[in-house]
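Engineer: One predicted model, sequence on top.
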Amino acid sequence: CIHESEIKCDGKCINPGASNDYCGAKGLCDDSNSANSKGTECGDRYCINGSCSTACSTSDGFKLCPDETGTCVDLKNNSENCGDCDKKCDESAGLHCKEGECKCNSGYTECESTHKCVDLLRDPNNCGTCDHKCTTSDPNGEFVACSDGVCNYSCNNFYHSTTDGCVKDDAHACGEEQTD
């Protein structure tokens with residue numbers, strides 16, 4: 001499941017706090033273990049925070065979407081209605097609804113230039129910071145990977161790796177013969 005608030009029931013990712021078909025489901029609800037549960041079908045009632053209710057409670061962060069005629073949705077965790085009806089999070093960019101705001105999953109950062117969620121520790125186009133691209137064509141070596149937010153290179157002899165590519169070693173550090 002993509003969203004941290006979801007679990008898998010009958011092969012579908014559901015939010016047990018808001019699903020009218022699996023209201024209050026727990027654990028691996030497809031499993032018959034007693035610690036797991038498929039929850040309750042609410043029928044014509046609404047699933048509010050894991051319990052069936054006859055009213056859509058706006059005080060708990062739920063709202064009928066579209067207004068007054070639609071489905072009772074959890075505005076805190078619904079990427080189609082995040083914070084309000086029809087306020088969508090761009091899931092293709094990695095944004096999901098958390099506490100009523102479109103945010104990246106843990107370990108990812110939203111870059112302002114692209115409005116996409118990226119892993120600054122491993123993304124060669126956003127290595128260490130947004131928009132810091134590792135040089136992939138270096139005549140003195142080759143790019144290996146963005147690791148722990150640092151561009152790493154395998155450099156030719158007499159060159160060393162920096163965050164921006166391969167740089168010629170200082171003559172004294174290399175042991176090259178000094179010319180006068």
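Structural biologist: Yep, that arrived.
Engineer: Tell me which residues touch G149, please.
Structural biologist: Listed by CB atoms under 8 Å, 6 or more residues apart in numbering, the contact set of G149 reads L120, L121, C127, G128, T129. (Each C-beta comes from the backbone N, C-alpha and C, glycine too.)
Engineer: between these, which is nearest S147?
Structural biologist: Minimum separation from S147 among those (CB to CB) is found for L121, which lies at 7.5 Å.
Engineer: Give me the distance between the closest one and T54.
Structural biologist: From L121 across to T54, the span is 48 Å (CB to CB, to the nearest Å).
Engineer: Compare the two and say which is more crowded by neighbours.
Structural biologist: L121 (16 against 10; other CB atoms under 10 Å).
Engineer: pLDDT score for the residue lying closest to that one once chain neighbours are set aside?
Structural biologist: With CB to CB, 6 or more residues apart in numbering as the measure, G149 is the residue that lies nearest to L121, at 5.0 Å, once sequence neighbours are left out. Listed pLDDT for G149 reads 93.
Engineer: same deal with G141?
Structural biologist: G141 is assigned a predicted lDDT (pLDDT) of 85.
Engineer: mind listing what it touches?
Structural biologist: Neighbouring residues of G141 by CB under 8 Å, 6+ apart: Y153, S154, C155, N156, Y159, S161, G165, C166.
Engineer: Provide a list of residues in contact with the third one.
Structural biologist: For C155, the contacting residues are D138, N140, G141, S161, C166, by CB under 8 Å, 6+ apart.
Engineer: I figured the fourth one was touching V150, is that so?
Structural biologist: No: counting by CB atoms under 8 Å, no contact exists between S161 and V150, whose distance comes to 9.1 Å.
Engineer: So for those two, which sits in the more crowded spot?
Structural biologist: A direct count of neighbours by other CB under 10 Å for S161 and V150 places S161 higher, at 19 against 15.
Engineer: bridging residues for that one?
Structural biologist: Per DSSP bridges, the residues bridged to S161 are C166.
Engineer: Which of the contacts of G141 are buried, as a ChimeraX select command?
Structural biologist: In ChimeraX syntax, the buried subset of the contacts of G141 is picked out as below (16 or more other CB atoms under 10 Å):
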select :153,155,159,161,165,166
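Engineer: Buried members of the contacts of G149 into PyMOL, please.
Structural biologist: One line in PyMOL is enough to select the buried ones among the contacts of G149; burial here means 16+ other CB under 10 Å:
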select buried, resi 120+121+127
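Engineer: Contacts only, for S113.
Structural biologist: C130, D131.
Engineer: Can you report phi and psi for it?
Structural biologist: S113 adopts backbone torsions of phi -70, psi -30, taken as degrees, to the nearest 10.
Engineer: Tell me how far it lies from G94.
Structural biologist: Remark: distance between S113 and G94 (CB to CB) = 14 Å.
Engineer: Name the nearest of the contacts of C155 relative to C23.
Structural biologist: Nearest to C23 out of the contacts of C155 is S161 (CB to CB; 54.9 Å).
Engineer: Thanks again, I'm all set now.
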